[in-house]
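> got a structure for you, letters missing:
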């Protein structure tokens, strides 16, 4: 037998065991209820009978006694003195003397009443019959119809307890009660002996033994339990047998057929499975279950064929969405630091889409060496349509800016382009700003987007109330307005989409603009990347386990400004003197000789002039001159974004030849090499960087 067959057999036995267990539990519960009810009915009936019997006998005995004589006997016995039970049974002399005095009290009436009590006791199978007089918490025996030597003598006094003590006004009688003490099971009833005025003067107590009744109860209980146990075993056997043939075996057939169906899927089964051939005719729900499972097999075969097709299509769409996600991510600047060679500003951004692809986007790019454009936008809708519209909008905005348009002009042009062919009526909110990196002056325009948040160098982040225009794509022919903001060195700009402020937690509470500003100020002195990370952490902590509702896009820009020891100018011959004056002003207080100063001017003139003539061909580009000094000398760095060119690779002219033999050209860089102590070149970040050094020791 295989392991699978063994496991199957174990499951069948387990089902039978559960069936037996359920039946046994049900029978035990029902039997317990039946036994409990019948036993309680039997017990309560017998208890009521014997309580009534005891009460009636006590009342009968009370009517046979003379209240006046009982009081007389009580008064006379009290004259004898206090009865001492310990001395009575421990001291024979005391007992003999006390009995003599008690016997003197007894007369013919006393003996006649005692004989009457004995008749009642003997004729009604009474265990104890006595008469007591209550006084406070003690009782004094007047009569005790008992032939035993330890009977209570006339005048015997005991402290009352039990129901006698607990009953209010016990002299009026004590309801019958059952006890189990040293004398066995007894039912006790105490009824008053009343005088001619109806006042109680003593109590007659009747004790009837219930030991036989209690034994009968036990025998009854044992008989019922044995009968129910045998009946339960027979009933359980019959039910298990019935369940096995009507439920378990048909279910096993269904289980085997279902398992065969699953295994046969790997063999391209085509309708001849054991399940389809199964025939169960029980005429009940099991037969209905078999028919339902066979129908399920047919439906499942059809569903699997459909699911195979859908899964293949879904995998294809999933692969395309994954590719679209990567393409979208690659469309946005995602390598940081974005401009590692630029020290005059820092910028960082992030975009977390709500779906595989998003409709938000950000962008930043250098229009030229001194102007940086920043864009953040939010397209209506989500998913692939919004992503396509986003990519189109991003390209149009960048193209409009790169051709020289101001922010307002760029948004106006893009809006007209989109509105000319926008049948889906989608739109995008856009904030566009262009910063002059030399002066810090930013020109911006807002097409229905969130307000920017700005931090002054020594202040905190605050909202800037800018002028809003209509969304891009909403209506053609709109002329957008722009505004200017002067960014001081150290200022920071934060722009974002509504996915930040509208992030929602599990209680549908929004993150809000106030929390956004608080999050920014929580890291206001950090770099842009750290600020964005902190805001994202604050949003995530607030949202918790709630799903992301909207794209989350942020951009942070810090304006550092140009160093005083750096000059960025148009690479033209007219600006060469500006470069020379810049270097002279920085080196004015340094220990350089007039000859060295003149040589430095020649070197700067030669290098900057070469950039103006050859680096950008027919276009006008930028050239940057940086000046630094230390204890040993000065260093001048000239940087341009023109075509790669290493002047140090040019061979030096042979000065030993005549002018006619040497030819014209090649002397400029040769002179620079001679007048400067060190000169180095590298091409990095698409820029030519030439460094020249002049040491003070040459003075």
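Sure, I can see it. No experiment lies behind these values; they were computed from the predicted model shown. Numbering: from 1, shown residues only.
> longest helix in the chain, please.
Counting by DSSP state H, the longest helix found in the chain is helix 3-63.
> for that helix, packing partners?
In this structure, helix 3-63 packs against helix 108-123, strand 174-181, strand 184-194, strand 200-209, helix 211-243, helix 249-264, with contacts taken as 3 or more CB pairs under 8 Å, 6 or more residues apart in numbering; DSSP states H and E. All C-beta atoms are positioned from the backbone trio N, CA, C, and that covers glycine.
> please look at residue 53 and residue 208 and confirm they touch.
Yes. Counting by CB atoms under 8 Å, residue 53 touches residue 208, with 6.5 Å between them.
> tell me which of the two has more neighbours.
Legend: neighbour count by other CB atoms under 10 Å for residue 53 and residue 208, higher for residue 208 (24 against 18).
> gap between that one and residue 280?
Using CB to CB, to the nearest Å, one gets 67 Å for the distance from residue 208 to residue 280.
> which neighbours do residue 53 and residue 208 share?
In the contact map built from CB atoms under 8 Å, 6 or more residues apart in numbering, the residues linked to both residue 53 and residue 208 are residue 187.
> helices of the stretch 251-400 of the chain, start to end?
With DSSP state H, counting those that start in this stretch as the criterion, the stretch 251-400 of the chain has helices at 274-277, 285-331, 383-402.
> looking at the ones you listed, which is nearest to residue 35?
Closest to residue 35 of those, according to CB to CB: helix 285-331, at 34.0 Å.
> mind checking the pLDDT average for that closest one?
Confidence over helix 285-331 (mean pLDDT, whole number) is 70.
> residue most distant from the centroid, this protein?
Within the chain, residue 108 marks the point farthest from the mean C-alpha position, 95.4 Å out by CA atoms, centre = their mean.
> could you report the pLDDT at that residue?
The per-residue pLDDT reported for residue 108 equals 88.
> for the spatially most central residue of the chain, give me the pLDDT.
Nearest to the centroid of the C-alpha atoms of the chain, with distances taken as CA atoms, centre = their mean, sits residue 545, at 6.4 Å. With respect to pLDDT, residue 545 has a value of 86.
> how close does it sit to residue 289?
Counting by CB to CB, the gap between residue 545 and residue 289 amounts to 41 Å.
> mind listing what the residue nearest to the centre of the chain touches?
Per CB under 8 Å, 6+ apart, neighbours of residue 545: residue 506.
> residues contacting the one helix or strand residue 519 maps to, please?
Counting by DSSP states H and E, the element that carries residue 519 is helix 512-521. Contact partners of helix 512-521, identified using CB under 8 Å, 6+ apart, comprise 453, 455, 460-463, 494, 496, 500-501, 531, 534-535, 538-539, 542.
> run the last query once more with 7 Å
Outside helix 512-521, the residues that touch it by CB atoms under 7 Å, 6 or more residues apart in numbering are 453, 460-461, 494, 500-501, 531, 534-535, 538, 542.
> again, but for stretch 591-611
Outside stretch 591-611, the residues within contact range by CB under 7 Å, 6+ apart are 571, 573, 576, 579-580, 583, 587, 623, 636, 638, 640, 642, 668-669, 671-672, 675-676, 690, 692, 694, 696, 698-699.
> mind checking which of these are in strands?
623, 636, 638, 640, 690, 692, 694 (DSSP state E).
> how many neighbours does residue 362 have?
Other residues close to residue 362 by other CB under 10 Å number 22.
> which strand residues bridge it?
Using DSSP bridges, the bridge partners assigned to residue 362 are residue 376.
> that one contacts residue 332, doesn't it?
Yes. When contacts are counted by CB atoms under 7 Å, residue 362 is listed as touching residue 332 (6.2 Å).
> overlap in contacts, the two.
Residues touching both residue 362 and residue 332 (CB under 7 Å, 6+ apart): residue 351.
> for the helices and strands packed on helix 3-63, which one sits closest to residue 371?
Ranking the helices and strands packed on helix 3-63 by distance to residue 371, with CB to CB as the measure, places helix 249-264 first at 68.0 Å.
> pLDDT wise, what is residue 267 at?
Residue 267 carries a pLDDT score of 51 in this model.
> now the closest residue in space to residue 154 that isn't next to it in sequence: how far from residue 296?
With CB to CB, 6 or more residues apart in numbering as the criterion, residue 154 has its nearest non-adjacent residue at 4.5 Å, and that residue is residue 102. With the distance defined as CB to CB, residue 102 ends up 98 Å from residue 296.
> of the two, which one has the most company?
Neighbour comparison, residue 102 and residue 296: the larger count goes to residue 102, with 18 against 14 (by other CB under 10 Å).
> okay, and the more buried one sits in which element?
Using DSSP H and E, residue 102 falls within helix 92-105.
> return the set of buried residues in that helix.
Neighbour counts using 16 or more other CB atoms under 10 Å place 98, 101-102, 105 of helix 92-105 among the buried residues.
> go on, stretch 548-565?
Buried residues in stretch 548-565, defined by neighbour count with 16+ other CB under 10 Å: 548, 550-559, 561-562.
> which among the residues you listed gets closest to residue 220?
Among those, residue 548 lies closest to residue 220 (CB to CB), at 73.7 Å.
> wait, the closest one sits on residue 382?
No. Using CB under 7 Å, residue 548 and residue 382 do not qualify as a contacting pair, with a distance of 10.9 Å.
> list the residues that contact both of these two?
Between them, residue 548 and residue 382 share these contacting residues under CB under 7 Å, 6+ apart: residue 354.
> quick one, what contacts residue 351?
332, 358, 360-362, 551, 553.
> hang on, residue 620 in a strand?
No. Counting by DSSP: H, G, I helix; E, B strand; the rest coil, residue 620 falls outside a strand, being coil.
> number of nearby residues for it?
When neighbours are counted by other CB under 10 Å, residue 620 registers 10.
> next, it: phi, psi?
Per-residue torsions, residue 620: phi -110, psi 120 (degrees, to the nearest 10).
> touching, it and residue 572? I think so.
Yes. Here residue 620 reaches residue 572: they are 6.4 Å apart, a contact under CB under 7 Å.
> the closest residue in space to residue 676 that isn't next to it in sequence: how many residues sit nearby?
Using CB to CB, 6+ apart and skipping the chain neighbours, the partner closest in space to residue 676 is residue 692 (4.5 Å). Residues lying near residue 692 (other CB under 10 Å) number 21.
> and which of the buried residues of helix 92-105 is nearest to residue 151?
Nearest to residue 151 among the buried residues of helix 92-105, with distances taken as CB to CB, is residue 102, at 12.1 Å.
> ok, the closest one touching residue 152?
No. Counting by CB under 7 Å, residue 152 is not a contact partner of residue 102; they are 11.2 Å apart.
> now the helices for the stretch 401-550 of the chain?
According to DSSP H, counting those that start in this stretch, the stretch 401-550 of the chain carries its helices in the segments 407-419, 498-501, 512-521, 528-543.
> quick check: angle from the third one to helix 528-543?
Between the axis of helix 512-521 and that of helix 528-543 there is an angle of 140 degrees, by axes from the mean of the first three to the mean of the last three CA atoms, to 10 degrees.
> can you list the buried residues in helix 512-521?
Counting neighbours by 16+ other CB under 10 Å, helix 512-521 gives 513, 515-517, 519-521 as buried.
> same list (the residues you listed) but as JSON lines, adding pLDDT and distance to residue 40.
Supplementary listing: those in JSON lines, determined by pLDDT from 0 to 100; distance: CB to CB, whole Å:
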{"residue": "513", "pLDDT": "92", "distance to residue 40": "74"}
{"residue": "515", "pLDDT": "94", "distance to residue 40": "69"}
{"residue": "516", "pLDDT": "95", "distance to residue 40": "74"}
{"residue": "517", "pLDDT": "95", "distance to residue 40": "77"}
{"residue": "519", "pLDDT": "95", "distance to residue 40": "73"}
{"residue": "520", "pLDDT": "96", "distance to residue 40": "78"}
{"residue": "521", "pLDDT": "95", "distance to residue 40": "78"}
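> how far off centre is the longest helix of the chain?
In terms of CA atoms, centre = their mean, to the nearest Å, the centre of helix 3-63 is set 48 Å apart from its chain centre.
> same check, this time on stretch 562-570
55 Å.
> mean confidence for that stretch?
The pLDDT scores in stretch 562-570 average 81.
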